[in-house]
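A.B. asks: Here you go, sequence then predicted model.
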Amino acid sequence: MPADLLDRPYVGRFVDGAHRFAVRVYYEDTDAGGVVYHANYLRFFERARSDMLALAGADIAAALTADEGGYVVAAAEMAYRAPARLGDALMVVSRLERVRTAACVIQQTVMRDDQLIAEGRLTVAWVGPDGRPRRQPKQWIHAFQGVQGSRTDA
């Protein structure tokens, strides 16, 4: 691999329509007992989801800079199945479950090897600079349609 690619931040990859994003549990992620603090799973989800959308074709930073708007979490469902601990190597697996004109529903899981640690379903809505919902960019919808496993609704 060329040296310039090694110095770039990790973005994960798509495998069979699912985005895979590896994370390691650091001390800052845990409580006093060395167990991942429950709210930090949302941070893991956010990192993976942001890179998944970018890898699928959404340049969110450019849209924000151009004052076109951005995504906000409109709904989140979470379930915790097993504790993750300091030093664990985890995999956040994200799938575009549904793509609508103004929102995306994304299923996300945190795995340690084959063990399910946490799972969630999040709806991210596209909002304009005024904070009101609006249609997400058409080219992004088309790019998301190309990601296997997503369903598009009008």
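C.D. replies: All right, it came through fine. Residues are numbered from 1 along each chain as shown.
A.B. asks: need the longest helix for the chain.
C.D. replies: Secondary structure of the chain per DSSP state H: the longest helix is helix 40-56.
A.B. asks: mind listing what's buried in the helix or strand that comes right after that helix?
C.D. replies: Per DSSP states H and E, the first helix or strand lying C-terminal to helix 40-56 is helix 60-65. Judged by neighbour count using 16 or more other C-beta atoms under 10 Å, the buried positions of helix 60-65 are 60, 63. In short, each C-beta sits where N, CA and C put it, glycine included.
A.B. asks: which residues sit against stretch 76-89?
C.D. replies: 22-27, 29-30, 34-36, 38, 41-42, 90, 110, 112, 115-123 (C-beta atoms under 8 Å, 6 or more residues apart in numbering).
A.B. asks: just the strands in the protein please.
C.D. replies: Assigned by DSSP state E, the strands in the chain fall at 13-15, 18-24, 70-80, 89-99, 103-112, 115-127.
A.B. asks: what comes up buried for the third one?
C.D. replies: Taking 16+ other C-beta under 10 Å as the neighbour-count basis, strand 70-80 is seen to contain the buried residues 70-71, 74.
A.B. asks: want to try a markdown table for those residues, with distance to Thr101 and pLDDT as columns?
C.D. replies: Converted to a markdown table, those look like this (distance: C-beta to C-beta, whole Å; pLDDT from 0 to 100):
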| residue | distance to Thr101 | pLDDT |
| --- | --- | --- |
| Gly70 | 16 | 95 |
| Tyr71 | 14 | 95 |
| Ala74 | 14 | 97 |
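A.B. asks: Any idea which of the strands of the chain gets closest to Pro137?
C.D. replies: Nearest to Pro137 among these is strand 115-127 (8.0 Å), distances taken as C-beta to C-beta.
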